Structure formats: C-alpha cells, structure tokens
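> fold the following, please.
(one chain, ligands or ions: 1)
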Amino acid sequence: MSGFTLADLAVIVTARAEASPEESYTARLAADPARAAKKFGEEAVEAVIAAVENDPKALIAESADVLYHLMALLAARDVSLDAVMAELERRTAQSGLAEKASRGPAA
Ligand SMILES: N=c1c2ncn([C@@H]3O[C@H](COP(=O)(O)OP(=O)(O)OP(=O)(O)O)[C@@H](O)[C@H]3O)c2ncn1[C@@H]1O[C@H](COP(=O)(O)O)[C@@H](O)[C@H]1O
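Alright, predicted model coming up:
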C-alpha cells in the first residue's frame with residue numbers, strides 16, 4: 001500500500017498555492033476558483049466515463065486527477081482538508097460505525 005496520503009497531497013497543494021503562477025499550475029488554479037471548480041468537474045466526468053467503461057487503469061488516473069483538483073479547489077476557497085475530514089468524522093460518529101471499526105472484525 002502506498003504511504004502517500006491525501007493529507008500529504010493537501011500539504012503540497014496548500015504550499016504550491018502560494019507559489020508564483022508562472023511556475024505553478026496549482027497557484028494558477030488557486031488564483032482562479034471558478035477555473036479550479038470547472039477543472040474539478042471535468043476530471044470528475046472523466047472518472048465517471050472510465051468507471052462506466054470499466055477501464056480500471058483510466059479510473060486510477062482520473063481518480064488521481066479528481067483528488068488533486070479537489071485539493072486545489074479547497075485551497076482556492078480557503079477550505080482545509082481537515083474541515084472536510086472533521087465533517088466525515090462527525091457523520092461516522094453519528095452512525096456509530098467508528099467504534100465498531102476500531103474493534104475490528106467480529107469474531
Ligand atoms: N498531482 C498533481 C497533478 N495532477 C494533475 N496535475 C495537472 O493538472 C493539469 C490538468 O490536466 P489536463 O489534462 O486537463 O491539462 P491541460 O489541458 O493542460 O489543463 P487546462 O489548460 O485545461 O487547465 C495538468 O497540467 C497536470 O499536470 C497536477 N499538477 C500538480 N500535482 C501536484 O501538485 C504539485 C505541485 O505542482 P505545481 O503547482 O505545478 O508546481 C506536484 O508536485 C504534484 O504533487
């Protein structure tokens with residue numbers, strides 16, 4: 001399993017959002033949230049097409065594009081990945097599944 005996490009990507013994207021737009025694609029997206037949103041939508045549609053066509057290689061590549069462009073969109077709108085994860089954690093706590101998952105599979 002890859003040791004690279006979404007949190008690692010968010011750190012890179014947040015740092016590059018502050019770079020010069022001439023040298024960084026991330027900085028260009030951060031400077032233009034509407035473009036970042038449009039690119040995220042395009043990449044999501046490409047992932048949908050790869051899934052519908054049952055093309056695992058393309059789905060992996062498009063999913064990577066989706067996650068990168070979501071991180072860029074969040075950075076463009078000053079929303080942290082931490083805030084998104086906290087929302088997911090809240091939903092999981094509500095469902096009671098976090099406790100079950102930490103206990104591991106039922107014997
Ligand atoms: N993970 C990515 C990543 N995935 C995809 N892309 C870029 O996303 C862009 C969009 O893909 P497209 O095929 O739509 O390309 P395009 O037609 O040129 O794009 P548009 O003109 O339509 O906007 C490409 O330029 C890809 O290089 C990424 N660019 C950056 N990263 C990460 O961000 C870091 C910093 O990158 P810079 O900001 O460029 O320094 C990198 O080290 C990576 O970790």
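> measure how buried residue 85 is and give me the count.
As a burial measure, residue 85 scores 13 neighbours (other CB atoms under 10 Å). Every C-beta, even on glycine, is put in place using the N, C-alpha and C of the backbone.
> one more: residue 29?
26.
> next: residue 26.
Neighbour number of residue 26 under other CB under 10 Å is 24.
> now swap in residue 36 and tell me
Counted with other CB under 10 Å, residues neighbouring residue 36 total 24.
> cool, and the one 4 residues further on?
Burial measure for residue 40: 22 neighbouring residues, criterion other CB under 10 Å.
> can you check residue 8 too?
Other residues within reach of residue 8, judged by other CB under 10 Å, total 11.
> from residue 15, how far out is it?
Plainly put, residue 8 is 11 Å away from residue 15 if you go by CB to CB, to the nearest Å.
> and if you look at residue 48?
According to CB to CB, residue 48 and residue 15 sit 30 Å apart.
> got it, and residue 51?
31 Å.
> quick one: the residue positioned nearest the centre of the chain from the ligand, how far?
Taking CA atoms, centre = their mean, the centroid of the chain lies closest to residue 67, which sits 3.2 Å from it. Between residue 67 and the ligand the computed distance is 8 Å (CB to the nearest ligand atom, to the nearest Å).
> also residue 48?
In terms of CB to the nearest ligand atom, residue 48 sits 15 Å off from the ligand.
> helix or strand for that residue, which one?
Here residue 48 sits within helix 33-52, counting by DSSP states H and E.
> so which residues on this protein come close to the ligand?
Within the chain, the residues that sit near the ligand (CB under 6 Å from any ligand atom) are 12, 13, 16, 24, 25, 26, 27, 39, 65, 68.
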